[in-house]
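Student: Let's see this in three dimensions:
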Amino acid sequence: MKHYEYISPCHFGMEALLKREITDLGYEITKVEDGKVSYTGPVDACARANMFLRTTERVLLKVGSFTAETFDELFENTKKIPWEEYIPKEGKFWVAKANSVNSKLFSPSDIQSIMKKAIVERLKLKYKLEWFQESEDSYPIRVTILKDEVTVSIDTSGESLHRRGYRKLTSKAPITETLAAALIMLTPWNKDRILVDPFCGSGTIPIEAAMIGAKIAPGIKRTFLAQNWVNIFPGSIWEKAREEALDIQLSNVEMNIQGYDLDGEIIKAARQNARLAQVDHLIHFQQKPVSELSSNKRYGFIITNPPYGERLEEQNAMPELYREIGKVFSSLDTWSYYIITAFEDAQKYLGRKADKNRKIYNGMMKTYYYQYMGPKPPKR
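Tutor: Model (predicted):
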């Protein structure tokens, strides 16, 4: 069976987690870099990676790599790639995104334009055509240039994989589904332990936790761009990936997952999102301030994304809010707490130094994932 190389980008700081996910799917890692992991696998790896990877933003099919310090070199090396193996006569193709870091070629628009011309020239020769209608399936091309090393790929996912298909309504500062899943997977939480998000917003962390606990594949409710690329990927691989996802799903699982927020309207949105994800029966949502959070359960988990004070008018309220969160900590002394925030003084007002502190980039925003480990429950 033919093997391809794939590239999956992720949030900076989450590479080891994504590497583990890919390895668990059975694929060989070829490279781990800042914000992305490369791996090899057969044709069905494209479908399975799109269906099952929780922490990547997309699955890219690598088609070539080379060194280029001039636009002539970029043109000639792009033209050498066997584009006819990937793009059919009627395919729509364009360089959708170009990134350049520490390279002599640094203008994204010029890189995109020159590469498009090179691909057209290659396909003119191969298809004996002077004009391409580009009227059928889309093949968006992505290029990254790092220290003059060019990597060229085609995006198989289409819409970013954080768009699971369930989140129709969001709060003011939503956390992406991929990041929410990663935050949960960085903890020892499992479906048998209580989990609470006291700042749940539109419900992303509780919903992702319920999906992880019930083994619901993140891509089960959506489609992917490469499903139409029958010239590369047979339609059967997508059907098999969906069948595999349905086979491993747990239908009669029970979990204790709770989501709270001050905003009653956003709680309604969270319930609606949970219904669309088909996990509403596994989550209890309620309008409640963090100051009223209490539980008689022991050894629970809090995983949450509280306000950071990113707006100037909110910054003065942050010390009191984080003091309040610290009080909840002290009242639930056997629990574990995991808080992602960009508020620099969080530990000071929480009243306790984190056991672990992980730096994560949420988009371009530097955030900290403060991890407070509670005691392990006694063995049954």
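Student: And the residue nearest to Ala270 when sequence neighbours are not counted, what's its pLDDT?
Tutor: Excluding the flanking residues, the one nearest Ala270 by CB to CB, 6 or more residues apart in numbering is Gly203, at 3.1 Å. Where you see a C-beta, it was placed from the backbone N, CA and C, and this is true even at glycine. On the pLDDT scale, Gly203 is placed at 96.
Student: residue contacts, Gly203?
Tutor: 259, 269-271, 273-274, 283, 285 (CB atoms under 8 Å, 6 or more residues apart in numbering).
Student: Equivalent analysis for Asp44, please.
Tutor: 237, 240-241.
Student: Please check the residues you listed and keep the buried ones.
Tutor: 237, 241 (16 or more other CB atoms under 10 Å).
Student: Looking at the contacts of Asp44, which is nearest Phe93?
Tutor: Set against Phe93, the nearest of those by CB to CB is Ile237 (22.0 Å).
Student: so that closest one is in which element?
Tutor: Using DSSP states H and E, Ile237 falls within helix 235-248.
Student: same for that helix, what does it pack against?
Tutor: Using 3 or more CB pairs under 8 Å, 6 or more residues apart in numbering; DSSP states H and E, the elements in contact with helix 235-248 are helix 44-52.
Student: The helix it packs on: what's the following helix or strand?
Tutor: strand 60-67.
Student: hey, where'd the helices end up in the stretch 251-380 of the chain?
Tutor: 264-276, 318-331, 346-350 (DSSP state H, counting those that start in this stretch).
Student: ok, now how distant is the residue nearest to Ala270 from Thr78?
Tutor: Distance of Gly203 to Thr78, given as CB to CB, to the nearest Å: 44 Å.
Student: now swap in Gly64 and tell me
Tutor: From Gly64 to Thr78 the distance is 8 Å (CB to CB).
Student: Neighbours of Glu239, how many?
Tutor: Residues lying near Glu239 (other CB atoms under 10 Å) number 12.
Student: Could you list the low-pLDDT ranges of this structure?
Tutor: For the chain, the stretches flagged by pLDDT under 70 are 169-173, 310-313.
Student: for it, which residue is closest to the average position?
Tutor: The centroid of the chain falls nearest to Thr178 when counting by CA atoms, centre = their mean (3.0 Å).
Student: quick one on the thing from earlier: of all the contacts of Asp44, which comes closest to Leu25?
Tutor: Closest to Leu25, out of all of the contacts of Asp44 and judged by CB to CB, is Ala241, at 10.6 Å.
Student: nearest residue to that closest one other than its sequence neighbours?
Tutor: Closest to Ala241 by CB to CB, 6+ apart is Ala47, at 4.0 Å.
Student: same deal with Thr56?
Tutor: Ser8 (3.9 Å).
Student: check contacts around that neighbour.
Tutor: Applying CB under 8 Å, 6+ apart, the residues near Ser8 are 18, 22, 36-39, 49, 53, 56-60.
Student: Can you say which helix or strand has Leu123 in it?
Tutor: Per DSSP H and E: helix 108-127 holds Leu123.
Student: Quick one: neighbours of the nearest residue to Ser103 once chain neighbours are set aside, just the number.
Tutor: Closest residue to Ser103 apart from its sequence neighbours, by CB to CB, 6+ apart: Ile145 at 4.4 Å. Neighbour count of Ile145, defined by other CB under 10 Å: 23.
Student: before we move on, the earlier item: what helices or strands is the helix holding Leu123 leaning on?
Tutor: helix 71-80, strand 92-101, strand 138-146.
Student: Compute the distance between the residue lying farthest from the centre of the chain and Thr187, please.
Tutor: Distance from the C-alpha centroid of the chain, by CA atoms, centre = their mean, peaks at Lys128 (40.9 Å). According to CB to CB, Lys128 stands 58 Å off from Thr187.
Student: and if you look at Ile194?
Tutor: For Ile194 relative to Thr187 (CB to CB), the value is 13 Å.
Student: which residues are in contact with both of the two?
Tutor: Phe301.
Student: hang on, the earlier thing: widest-spaced pair of the contacts of Gly203?
Tutor: Maximum distance among these (CB to CB): 13.1 Å, for Ala269 and Ile283.
Student: These two: which is more packed in?
Tutor: Neighbours per residue (other CB under 10 Å) separate Ala269 from Ile283, with Ile283 holding more: 24 against 20.
Student: if we can go back for a sec, test my guess that the residue nearest to the centre of the chain contacts Leu17.
Tutor: No. Applying CB atoms under 8 Å, one finds Thr178 not in contact with Leu17, separated by 10.4 Å.
Student: With adjacent residues omitted, what lies nearest to the residue nearest to the centre of the chain?
Tutor: Using CB to CB, 6+ apart, the nearest residue to Thr178 is His162, at 4.3 Å.
Student: which residues does that neighbour contact?
Tutor: Residues in contact with His162 (CB under 8 Å, 6+ apart) are 57, 176-179.
Student: in which helix or strand would I find it?
Tutor: Counting by DSSP H and E, His162 is part of no helix or strand.
Student: try Val196
Tutor: Going by DSSP H and E, Val196 is part of strand 195-197.
Student: Would you list the strands that that strand pairs with, along with their directions?
Tutor: When pairing is defined by DSSP bridges, strand 195-197 lines up against strand 257-261 (parallel), strand 301-304 (parallel).
Student: got a list of contacts for the longest one?
Tutor: Going back to what we said before, that points to strand 257-261. 171, 194-201, 203, 205-206, 209-210, 213, 267, 270, 282-290, 293.
Student: now these: which count as buried?
Tutor: By 16+ other CB under 10 Å, these give 171, 194-201, 203, 205-206, 209-210, 213, 267, 270, 282-283, 285, 290, 293 as buried.
Student: follow-up on the earlier one: which positions in the helix holding Ile237 come out as buried?
Tutor: In helix 235-248, counting by 16+ other CB under 10 Å, buried: 237-238, 241, 244-245.
Student: what's the angle between it and helix 44-52?
Tutor: If you take axes from the mean of the first three to the mean of the last three CA atoms, to 10 degrees, helix 235-248 sits at 40 degrees to helix 44-52.
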